[in-house]
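In: Make a model of this:
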Amino acid sequence: MTIDQALLQTFREETRERLDRMVDTLLAIEAQGAGPDLIATLFRDAHSIKGNCGMLGFGEPAQIAHAMEDVIQAAEATGSMAGGLIDPMLAATDAIGALVTGATGLAAGVVAALQAQLGDGIGSLSDAAADGAAANDDHAECDQLAENGKSTAAVAAEGATVVRGDGRESSEPAAPAPRSIRVDAGRVDQLLDVVGETVLHQRRLEHLVNQGAMDGTGVEAELGHGQLLIDELQSSVTHMRALPLSSITGNYPRAVRDMAASAGKQVQLRLIGTDTQLDRLILDGISETIVHLVRNCVSHGIEAPAQRVAAGKPELGQLEVRADARAEWVAVTVRDDGQGVSPALMARATETGSLVEVLAQAGTSTAAEVTELSGRGIGLGAVKRHVESLGGTVEVKSVSGHGTAVTLLLPLTSSMVRLLLIESAGQVFGVPLANSIEVVSIAVTLSLAGRESIDVRGEAVPLLNVSEALCGRACEAGRKAVIVARSDRRIALTCDAILDEQEVVVKSLGPLLIGLPGYLGAAILADARIALILDPAFLVHTRARAVRTIAPAQPVRRKSKVMVVDDQLTVRELERSILESAGYGVITAEDGRAAMDMLQRDGEIALVLTDIEMPRLTGLELLAEIRADPERSSLPVVIVTSRGDTEDRRLGAEGGADAYVVKSEFAQEGLLTIVRRLMDL
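Out: I've put the predicted structure just below:
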């Protein structure tokens, strides 16, 4: 028997869909019992798989499906399915999936396992089961197919016989089946309609040109209509490439069940918003990433039942995979209600200002031990790098003892992107518009710890030149800057000119340059020039590394620490760099509440620099709590804020602040003078 490759591909896709549905049904039966509707659905899928396999000569999977039918019919007759049958039935679905893609020799063991769970064997079911069983005229046919020797799946895998387009058979190896996706018929119809309109538009243009009947107004109108058609074509094709997140999460319930059983845990998985659409290439790229995050949640996020009860939690752990559309982005969040990140790692994150950066460092792991499920301290770093290579970003939030949420913020499509075009040293670059906050003119720069910054409405934003970021060589900065944001960090990317805003098709840099850091790809512009598309994550991290690696000048002995408290990461990092350059030990906190927690734990803090406007606990409230604490009432506190009016200064003085520094009047040496004076008291 010969099988056309397109037919074989369709058969495998349909079988995979039915197997996935069988897995979902079996898990539902395990959770809520064998209701009549679930049994009927399960039998219908098993029967269809058996029939399809029989028609195409896949004897072994047909034999397994036959055995599964008998188990299902026994469950229908008794109104229940023994718990011991769930695992063999799930194993049977795995075996069928492997057999239709080329494996052989699995049927005997799988059928034997099903028979063992039924007690007397499938061939001798109870009378009640036999009376309730429907006649299966095709059993003998399937058994005969199984005796034909090598399965057709194995033949197809070896490419032994292929039907050619001219009807002749060839013994040449079969070419791999092309990748394919299923597309809703309505989308295809819409695309055909737009193509038809585009053809008519071209013919109308040809007619008008040939007749010489086009004036300026007519040309403009036709060009405008043509642009609308192109936009609609682009939208239609983009939507055809999009697939729902559910296309990669179909096997998650089964996988989580098996992982939890292996780890001795109880876990309930919830899939929310999985109908959210993403570009197929993006989905392919994050499939293993999400699996890795789910495994982490089960392996060392969610606790064992006894631990959860001791912590006042229900035995059943909660795991959630959620997708939410956010304008041009999709946020995919994996959240658990487990033990969360350890207090030690949370403290490190407070100091550095970013939990994701701490967890992404090589060697950092939240697992107490390495197992088959838990990683080896390299997981989140790989996740972060991979997501950023797709043009996305990673966010992590955690509360010790209460769980962790990892969010992948991903672009809707990887093929089209809207760029802000800039020019630097004669080269055109593109910055993704989604990461471009605003454009500013550079009038005055601040020099903090030897690094230039600009003031943007009271916030010090570090400057970075494109050539410095990509080539490592300093050059004169342009007088324009684009404020580029990534995660919770900002930089001011300097350039010579702001050119335009365009939506472009992203092109690969090619095999020779594909690994070059700093670029997401390239684009051919309307004027035929090539624009290199910059990677915002690379730019922001490059500037952050430059700030952290400034060599300390004339270091002093670090007998005590300075704590910097500000809800703006950039301000914290700039103040940290100034103080560390002068030789002081520095820790940071993102608000007053975090600062008070750190003061309780660390007795070496000798001075506090704090902003006023912060969430949870403001700078003035922090000052009041410090002054009310008998052990810390004399601790020096310096207010560093953008609020410089007389009333604010009065409140700071009445609250007991030792010094008051306005950010708009900020001077590096002045701050160090204040710190040295107060630290020497």
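
In: immediately after the helix or strand that contains residue 288, which helix or strand?
Out: Residue 288 belongs to helix 280-296 when assigned by DSSP states H and E. Going down the chain from helix 280-296, the next helix or strand is helix 305-310, by DSSP H and E.

In: Residue 437 in helix, strand or coil?
Out: What DSSP: H, G, I helix; E, B strand; the rest coil gives for residue 437 is strand.

In: Looking at the closest residue to it other than its chain neighbours now. What's its pLDDT?
Out: Once flanking residues are discounted, residue 437 sits nearest to residue 483: 4.2 Å by Cβ to Cβ, 6 or more residues apart in numbering. Glycine gets a C-beta too; all of them are placed from N, C-alpha and C. The model reports residue 483 with a pLDDT of 89.

In: what helix or strand does residue 483 sit in?
Out: strand 480-486.

In: Show me how this protein divides into domains.
Out: Domain assignment for the chain by automatic domain parsing gives 5-170, 185-243, 246-411, 416-546, 551-679.

In: Give me the contact list for the helix or strand containing residue 586.
Out: With secondary structure defined by DSSP H and E, residue 586 is part of strand 585-589. Surrounding strand 585-589, the residues in contact under the criterion Cβ atoms under 8 Å, 6 or more residues apart in numbering are 350-353, 558, 560-566, 572, 575-576, 579-580, 595, 597-598, 602, 604-605.

In: avg pLDDT for that strand?
Out: In the prediction, strand 585-589 has an average pLDDT of 88.

In: May I see the buried residues of the helix holding residue 288?
Out: By 16 or more other Cβ atoms under 10 Å, the buried positions in helix 280-296 come out as 280, 282-283, 285-286, 289-296.

In: Looking at those residues, which gets the smallest pLDDT?
Out: Within these, lowest confidence goes to residue 285 (76).

In: Now that one: closest residue in space, sequence neighbours ignored.
Out: Here the residue nearest residue 285, using Cβ to Cβ, 6+ apart, is residue 390, at 5.1 Å.

In: Pull the contacting residues for the one you found.
Out: Contacts of residue 390 by Cβ under 8 Å, 6+ apart are 282, 285, 286, 410, 411, 414.

In: hmm, 10 Å instead?
Out: Contacts for residue 390 (Cβ atoms under 10 Å, 6 or more residues apart in numbering) come out as 279, 281, 282, 284, 285, 286, 289, 408, 410, 411, 414, 520.

In: what does residue 523 give?
Out: 416-417, 419, 421, 428, 430, 502-507, 529-533.

In: again with residue 200
Out: Residue 200 makes contact with residue 229, according to Cβ under 10 Å, 6+ apart.

In: In a helix, it, correct?
Out: Yes: membership of residue 200 in a helix is supported by three-state DSSP.

In: Which of the helices or strands spans the spatially most central residue of the chain?
Out: With distances taken as Cα atoms, centre = their mean, the chain has residue 408 as the residue nearest its mean C-alpha position (2.9 Å). Here residue 408, judged by DSSP H and E, is contained in strand 403-411.

In: swap in residue 533?
Out: Under the criterion of DSSP H and E, residue 533 resides in strand 530-534.

In: same thing with residue 80?
Out: In the assignment (DSSP H and E), residue 80 maps to no helix and no strand.

In: Pull up the gap between residue 427 and residue 573, please.
Out: Distance of residue 427 to residue 573, given as Cβ to Cβ, to the nearest Å: 29 Å.

In: More neighbours: which of the two?
Out: residue 573 (24 against 16; other Cβ atoms under 10 Å).

In: How many residues are close by residue 679?
Out: 15.

In: when you give positions from now on, start the count at 37
Out: Happy to do that; since the first residue is 37 now, the last one works out to residue 715.

In: And it, how far from residue 658?
Out: 19 Å.

In: what residues does the strand holding residue 569 touch?
Out: Residues contacting strand 566-570 (Cβ under 10 Å, 6+ apart): 427, 453, 455-459, 463-468, 471, 502, 505-506, 518, 520, 529, 535-536, 538, 540, 542-543, 545, 549, 552, 554-561.

In: Next, the angle strand 516-522 makes with that strand.
Out: On the basis of axes from the mean of the first three to the mean of the last three Cα atoms, to 10 degrees, strand 566-570 is oriented at 50 degrees to strand 516-522.

In: my guess is residue 456 contacts residue 464, does it?
Out: No: between residue 456 and residue 464 there is no contact under Cβ atoms under 10 Å: 11.2 Å.

In: which one of those two has more residues nearby?
Out: Per other Cβ under 10 Å, whichever of residue 456 and residue 464 has more neighbours is residue 456, with 23 against 20.

In: Report the next helix or strand after the helix or strand containing that one in sequence order.
Out: Element membership of residue 456 [criterion: DSSP H and E] is strand 452-460. Downstream of strand 452-460, the next assigned helix or strand under DSSP H and E is strand 463-468.

In: hey, which helix or strand in the protein has the poorest pLDDT?
Out: strand 198-199 (a mean of 30; mean pLDDT, DSSP states H and E).

In: Save the buried residues of helix 316-332 as CSV, and put in distance to residue 293 too.
Out: Output for the buried residues of helix 316-332, formatted as CSV (distance: Cβ to Cβ, whole Å):
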residue, distance to residue 293
316, 27
318, 27
319, 23
321, 26
322, 22
325, 21
326, 17
327, 14
328, 18
329, 17
330, 12
331, 13
332, 17
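
In: filter the contacts of residue 559 to the buried ones?
Out: 452, 453, 455, 457, 464, 466, 538, 540, 542, 567, 568, 569.

In: what about the third one, distance to residue 625?
Out: Meaning residue 455. Residue 455 is 37 Å from residue 625, by Cβ to Cβ.

In: Kindly report the same for the second one.
Out: If you measure residue 453 against residue 625 using Cβ to Cβ, the figure is 37 Å.

In: again with the last one
Out: The spacing between residue 569 and residue 625, counted by Cβ to Cβ, is 37 Å.

In: Just give me the neighbour total for residue 557.
Out: For residue 557, the neighbour count with other Cβ under 10 Å is 21.

In: my read is it is in a strand, agree?
Out: Yes: according to three-state DSSP, the state of residue 557 is that of a strand.

In: Let me know the pLDDT of it.
Out: Residue 557 is given a pLDDT of 82.

In: Go ahead and confirm it touches residue 453.
Out: Yes: counting by Cβ under 10 Å, residue 557 touches residue 453, with 8.6 Å between them.

In: Quick check: residue 65 vs residue 117, distance?
Out: Distance of residue 65 to residue 117, computed by Cβ to Cβ: 6 Å.

In: What of residue 686?
Out: From residue 686 to residue 117 the distance is 76 Å (Cβ to Cβ).
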